[in-house]
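Undergrad: structural data only, the sequence is not supplied:
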Ligand SMILES: Nc1ncnc2c1ncn2[C@@H]1O[C@H](COP(=O)(O)OP(=O)(O)OP(=O)(O)O)[C@@H](O)[C@H]1O
Ligand SMILES: O=C(O)c1ccc[n+]([C@@H]2O[C@H](COP(=O)([O-])O)[C@@H](O)[C@H]2O)c1
């Protein structure tokens, strides 16, 4: 797990990164800037529990490619979940919180994940324990209107103009951040590779 000092603000950005792309880079940059983070942990998961792992590249390869993609020294590439046998985000977050007292954490995800957040293990517990920043993504811009999580925690939504306060707020607290968007996706890159065509950016 990356080293942190008490009082720091840290964004937790979990992903398959199969492969990592400029869309992930953009999310990391937006989160660092808008949330005023000291660090962003780019956590390469052993595997999303809701996705097939058939075409999942090895962890080492995804970590190495992520390192090349990391936008600056505040972004820490890590794969500690695999090393500690953590497969669900709720487990990971409980582990991280226990080991790092006095750190202000925020969970970061793209808007597509907001749409299916209610399918995650212990999703309510996650939202009640960690502030969450959702970053806009083409195709999921209106996710905050329809998603179960957004409805269940509508009272806890924070205006994105106050996003820099999010790390210091007591959960539940979440915000939806608009800004520059990227249409890139790992699945498009994988299928473009399979057919030898470039993916749209
Ligand atoms: N273009 C993007 N814009 C905003 N968020 C993104 C973008 N691409 C990925 N993310 C977010 O980054 C995190 C990691 O995503 P992931 O590694 O699954 O990439 P992906 O492109 O969504 O992959 P796939 O196409 O295989 O589902 C998730 O929270 C996802 O919502
Ligand atoms: O814990 C769960 O039930 C769960 C379900 C779906 C996704 N996640 C996590 O969400 C993060 C984003 O996943 P992905 O595949 O969209 O990059 C990654 O850290 C996954 O492990 C977690």
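TA: In hand now; what should we look at? All values derive from a computational prediction rather than experimental measurement. Ligands and ions are numbered 1, 2, ... in the order given.
Undergrad: the helix or strand of the chain with the lowest mean pLDDT packs against which elements?
TA: The helix or strand of the chain with the poorest confidence is helix 143-146; it has a mean of 79 (mean pLDDT, DSSP states H and E). Under the contact definition 3 or more CB pairs under 8 Å, 6 or more residues apart in numbering; DSSP states H and E, helix 143-146 sits against helix 111-115. The C-beta positions use only the backbone N, C-alpha and C, and glycine is treated the same way.
Undergrad: change it to 10 Å
TA: Where contact means 3 or more CB pairs under 10 Å, 6 or more residues apart in numbering; DSSP states H and E, helix 143-146 is packed against helix 111-115, helix 148-152, strand 174-177.
Undergrad: gap between the closest residue in space to residue 16 that isn't next to it in sequence and residue 141?
TA: Distances taken as CB to CB, 6 or more residues apart in numbering place residue 48 nearest to residue 16, at 5.3 Å, with adjacent residues excluded. Remark: distance between residue 48 and residue 141 (CB to CB, to the nearest Å) = 22 Å.
Undergrad: of those two, which one has the most company?
TA: The residue with more neighbours, out of residue 48 and residue 141, is residue 48; 17 against 13, by other CB atoms under 10 Å.
Undergrad: write out the residues of the protein neighbouring ligand 2.
TA: The chain comes close to ligand 2 at residues 14-16, 43, 45, 48-51, 88-90, 113, 120-121, as judged by CB under 6 Å from any ligand atom.
Undergrad: among those residues, which lie within strands?
TA: Among the residues of the chain next to ligand 2, the residues falling in strands (DSSP state E) are 14, 15, 43.
Undergrad: hang on, the second one packs against residue 66?
TA: Yes: using CB atoms under 10 Å as the test, residue 15 is close enough to residue 66 to be in contact (8.6 Å).
Undergrad: between the two, what contacts are shared?
TA: Residues touching both residue 15 and residue 66 (CB atoms under 10 Å, 6 or more residues apart in numbering) are 24, 42, 43, 44.
Undergrad: which of the residues you listed come close to ligand 1?
TA: Of the shared contacts of residue 15 and residue 66, the ones that also sit near ligand 1 (CB under 6 Å from any ligand atom) are residue 24.
Undergrad: now tabulate the shared contacts of residue 15 and residue 66 in a markdown table and tack on pLDDT and neighbour count.
TA: A markdown table is the format used below for the shared contacts of residue 15 and residue 66 (pLDDT from 0 to 100; neighbours: other CB atoms under 10 Å):
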| residue | pLDDT | neighbour count |
| --- | --- | --- |
| 24 | 98 | 24 |
| 42 | 98 | 29 |
| 43 | 98 | 25 |
| 44 | 98 | 25 |
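Undergrad: so which of the shared contacts of residue 15 and residue 66 comes closest to ligand 2?
TA: Nearest to ligand 2 among these: residue 43, at 6.0 Å, using CB to the nearest ligand atom.
Undergrad: so which elements touch the longest helix seen in the chain?
TA: Looking across the chain with DSSP state H, the single longest helix is helix 22-35. Taking 3+ CB pairs under 10 Å, 6+ apart as contact, the helices and strands that helix 22-35 lies on are strand 9-15, strand 39-44, helix 59-69, strand 75-78, strand 104-110, strand 132-135, strand 174-177, helix 186-195.
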